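**Student:** Sequence and predicted structure are below.
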There are 2 protein chains.
Amino acid sequence: MLTNRQLLILRAIIDDYIQTAQPVGSRTLSKRDDLTFSSATIRNDMADLEDMGLIEKPHTSAGRIPSEVGYRYYVDHLVEKQIIDERETGRLEERLKQSSKESEILIRQAADLLSDLTNYTTVALGPNSQSETLARVDFMPLDERRGVVLIVTDQGHVEHRTVMFESRVAPDVIEETIRLLNDRLVGTSIGQLKVRIGEEVAKLQLAQRQQYENMMQLIQSTVGIQTPSSLYLGGKKNIFNQPEFQTLDTLRPFLEWIDEQERLTHWLESLPNREIYVSIGSENGIVALQNCSVITSDYTLDGKTFGTIAMIGPTRMNYRHGVQMMGQIIEALRRTKLDE
Amino acid sequence: MLTNRQLLILRAIIDDYIQTAQPVGSRTLSKRDDLTFSSATIRNDMADLEDMGLIEKPHTSAGRIPSEVGYRYYVDHLVEKQIIDERETGRLEERLKQSSKESEILIRQAADLLSDLTNYTTVALGPNSQSETLARVDFMPLDERRGVVLIVTDQGHVEHRTVMFESRVAPDVIEETIRLLNDRLVGTSIGQLKVRIGEEVAKLQLAQRQQYENMMQLIQSTVGIQTPSSLYLGGKKNIFNQPEFQTLDTLRPFLEWIDEQERLTHWLESLPNREIYVSIGSENGIVALQNCSVITSDYTLDGKTFGTIAMIGPTRMNYRHGVQMMGQIIEALRRTKLDE
DNA sequence: GATTAGCACTCGTTAAATATGAGTGCTAAT
DNA sequence: ATTAGCACTCATATTTAACGAGTGCTAATC
């Protein structure tokens, strides 16, 4: 167990290191207003903190830097859980409201805002329509051989796909196909739509089948193309200002990783956490991000579950401020109304 | 005017420098099979080439590197205009065909392909719907207060916008509005749609106006939101392999510039050139790209004018190969059929 | 017994000193 | 006109030395 003074020292080391990115020495600490002890006393405690694995030395004659264990302790014990500053949240909400009522643009704006507020890179993932369910299918002919299939989800999202017929299809066949799909598939999750259409085709009577099979299969094939959830990266250039990313060895893996949209999407989708979660350094298990910490959270827009937002900075990130800002942003998003 | 030998030497210097990224010395050149002269002779010619501004020395005791003027001469006189290798084009066409019939995906694939082929970064800009014209408007109600407006262009592109009514609108009013829009606005360019709707509203009789004004204005406001032309960046990580981008001073401006999607889009749209065009070094007028050369070209997909594709590499890029590959790719795209 | 002053020691960083060698320009010989 | 020869230049690499922030330990002090 840590003594009170050790706690103070640990906190001071981390706070100092977060600000300067330089190893912190005992003399520097002893000069702080909140630490009234001599450097020798502090040195003794530092040795103890090091034994406990909370801090470490880059080399013999340097000061100490926090270890991952130290950061974890700091985040778990020394960062107060999100206290929402009403005034600040209101201001954020206002800025979001001004940008647009279009959800996509709002999300981007939120990511940019969070990025500006913290100077870290942010990633925002839009809603994953795969998990939404079908509310309505419709069809609109374009010309003799082409038409647009409209898919509306229960969350009010609309997608369209252009389909192309092999040959002319009678209007009433189209109409009937759409009616069938609406009758039988409303409520199906978008991800399963493809399979379910296949099942419905199988159920058709032989007479019907000849008529509708083509049309159904056509729709099935286009519906199978999943539009990836929209992904937005905000403040990517912020990374250039971080002292730990001033060399190509560290910068390159980071940038290469962050630019791989698909991988990034999968990673965000795989995060199990519903509320604000902090992953420190190698905890995230991603080699390219081993020197990064990530604050993630799911968010809701206008009350509806929407997506995931993440903030990526160096392990030496300002956790207190980061967690705080993340809380403010998701609260502001939650309160933002799409209509009215 | 250049002597034959000077031409040979200039070409050798550039070819060598393109490969090694190192200043080329007279001794190195004299050892080449295609240059049978002594290093001293070559030195004399090099001095002349330098006087003409075609090559320059980084410092007194280094070899020579091509100047921008030198590259320009090289590209204009020493790079043979695109000769299309039928077999290679066929192979590319095949690879494109396999990826998808969806134009968006095809374009991405083309950019990636070009990037793999050349090891440079590529940017592909999709069609700019602003310049296309309206072929059809349609409306599909979602519920009492919302609906989807479908906009189809002459090029067969479809866009949709969700609109929200203040209050319930009678179906026949909607129907009539859409009929009106179709009657009067088909053929209008998408970019002008907003203005044109305004004009049409002004023309309405007073009686009609009360009925349709709201609806029209609603559509007008959503139509005004221009969907930006789709932009795709391929092979961004290739830049990390270029020796001239191994330092943050050069890398950072490049990456920051390339990541600014809007600016990039505008830049690509502002390029006046219809056919393959090479911009060397500072010619492009962009500070962040002053050490880059760009090969750009408009492309057509399935015969229809589509967008712009660009290849960005260091000024020391392999122009011969780059121009060649660019030619192949746009030819392959031109031949790719979207339907069948 | 806890705290602090004092001091020898460590080791990464920086600066100056030196060596290396690729490449040039010029001159004189071919 | 071409080439061999040579003195000279200058970026780069290597070595050496000086510096100083910081530590751990011991002995004195509160």
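**Tutor:** Great, that's in hand. Just so we're clear, the structure is a prediction, and the values are computed from it rather than from any experiment. Numbering: from 1, shown residues only, chains lettered A, B, ... in the order given.
**Student:** how near is A:Met311 to B:Arg32?
**Tutor:** If you measure A:Met311 against B:Arg32 using CB to CB, to the nearest Å, the figure is 55 Å. Every residue, glycine included, has its C-beta placed from N, CA and C.
**Student:** Pick out whichever of these two has more residues nearby.
**Tutor:** When A:Met311 is set against B:Arg32 and neighbours are counted by other CB atoms under 10 Å in any protein chain shown, the residue ahead is A:Met311, at 29 against 15.
**Student:** Please look at the more buried one and A:Thr121 and confirm they touch.
**Tutor:** Yes - A:Met311 is in contact with A:Thr121 according to CB atoms under 8 Å; the separation is 7.4 Å.
**Student:** what touches both of the two?
**Tutor:** With contacts taken as CB atoms under 8 Å, 6 or more residues apart in numbering or on different chains, the residues that reach both A:Met311 and A:Thr121 are A:Ser115.
**Student:** For the residue nearest to A:Arg334 when sequence neighbours are not counted, give me its contacts.
**Tutor:** The spatially closest residue to A:Arg334, leaving aside those adjacent along the chain, is A:Thr300, at 5.1 Å (CB to CB, 6 or more residues apart in numbering or on different chains). A:Thr300 makes contacts with A:306, A:330, A:333-334, as judged by CB under 8 Å, 6+ apart.
**Student:** Can you check my assumption that A:Asn182 lies in a strand?
**Tutor:** No - according to DSSP: H, G, I helix; E, B strand; the rest coil, the state of A:Asn182 is helix, so it is not within a strand.
**Student:** Correct me if wrong: it contacts A:Ala135.
**Tutor:** No - A:Asn182 is beyond contact range of A:Ala135, at 9.5 Å (criterion: CB under 8 Å).
**Student:** Compare those two (neighbour count), which wins?
**Tutor:** Shown here are A:Asn182 and A:Ala135; by other CB under 10 Å, A:Ala135 has more neighbours (18 against 14).
**Student:** so is that one in a helix, a strand, or just coil?
**Tutor:** Secondary structure assignment for A:Ala135 (three-state DSSP): strand.
**Student:** give the contact list for it.
**Tutor:** With contact set as CB under 8 Å, 6+ apart, A:Ala135 has these partners: A:152-154, A:156, A:186.
**Student:** if you set the cut-off to 10 Å instead, what comes out?
**Tutor:** Going by CB atoms under 10 Å, 6 or more residues apart in numbering or on different chains, A:Ala135 touches A:151-158, A:182, A:186-187, B:142-143.
**Student:** Just the buried ones from those residues?
**Tutor:** For these, a burial check counting by 16 or more other CB atoms under 10 Å in any protein chain shown picks out A:151-153, A:155-158, B:142.
**Student:** next structured bit after whichever strand or helix holds A:Arg108?
**Tutor:** When elements are defined using DSSP states H and E, A:Arg108 is found to belong to helix A:103-118. Stepping forward along the backbone from helix A:103-118, the first helix or strand reached (DSSP H and E) is strand A:121-125.
**Student:** what pairs with that following strand, and is each one parallel or antiparallel?
**Tutor:** strand A:231-234 (antiparallel), strand A:304-314 (antiparallel) (DSSP bridges).
**Student:** export those strands to CSV and tack on distance to A:Arg43?
**Tutor:** Below are those laid out as CSV (distance: least, CB to CB, whole Å):
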stretch, distance to A:Arg43
strand A:231-234, 42
strand A:304-314, 27
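**Student:** Let me have those strands in JSON lines, extended by distance to DNA strand C and mean pLDDT.
**Tutor:** As requested, the strands paired with strand A:121-125 are exported to JSON lines (distance: least, CB to the nearest atom of the strand, whole Å; pLDDT from 0 to 100):
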{"stretch": "strand A:231-234", "distance to DNA strand C": "32", "mean pLDDT": "94"}
{"stretch": "strand A:304-314", "distance to DNA strand C": "17", "mean pLDDT": "92"}
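**Student:** quick one: which of the ones you listed is nearest B:Met317?
**Tutor:** Comparing these by their distance to B:Met317 (CB to CB), the top pick is strand A:231-234, with 27.2 Å.
**Student:** All the strands of chain A, residue numbers only.
**Tutor:** A:55-56, A:65-66, A:121-125, A:134-141, A:146-153, A:158-164, A:231-234, A:277-279, A:292-301, A:304-314 (DSSP state E).
**Student:** Look at the residue of the stretch 51-200 of chain A found nearest DNA strand C and say how many residues are nearby.
**Tutor:** In the stretch 51-200 of chain A, the residue that lies nearest DNA strand C is A:Ser61 (2.8 Å; CB to the nearest atom of the strand). Here the neighbour count serves as a burial measure; for A:Ser61 (other CB under 10 Å) it reads 8.
**Student:** Compute the distance between it and DNA strand D, please.
**Tutor:** In this view, A:Ser61 and DNA strand D are 4 Å apart by CB to the nearest atom of the strand, to the nearest Å.
**Student:** near DNA strand D, which residues of the stretch 1-150 of chain A?
**Tutor:** Contact residues of the stretch 1-150 of chain A with respect to DNA strand D, defined by CB under 7 Å from any atom of the strand, are listed as A:22-28, A:39-40, A:43, A:46-47, A:50, A:57, A:60-64.
**Student:** Filter those down to the buried ones.
**Tutor:** Members of those classed as buried by 16+ other CB under 10 Å are A:23-26, A:28, A:39, A:43, A:46, A:63-64.
**Student:** Return the residues of the stretch 51-200 of chain A in contact with chain B.
**Tutor:** Within reach of chain B by CB under 10 Å from any CB of the partner chain, the stretch 51-200 of chain A has these residues: A:100-103, A:105, A:135-136, A:138-143, A:145-148, A:150, A:152, A:156-162, A:164, A:166.
**Student:** filter those to the buried ones?
**Tutor:** Neighbour-count burial within those applies to A:103, A:135-136, A:138-140, A:142, A:147-148, A:150, A:152, A:156-162; the criterion is 16+ other CB under 10 Å.
**Student:** which outside residues touch stretch A:1-15?
**Tutor:** Stretch A:1-15 is touched from outside by A:23-26, A:28-30, A:32, A:34-37, A:41-42, A:44-46, A:48-49, A:52, A:54-55, A:63-66, A:70-71, A:73-75, A:77-78, A:316, A:318-320, with contacts defined as CB under 10 Å, 6+ apart.
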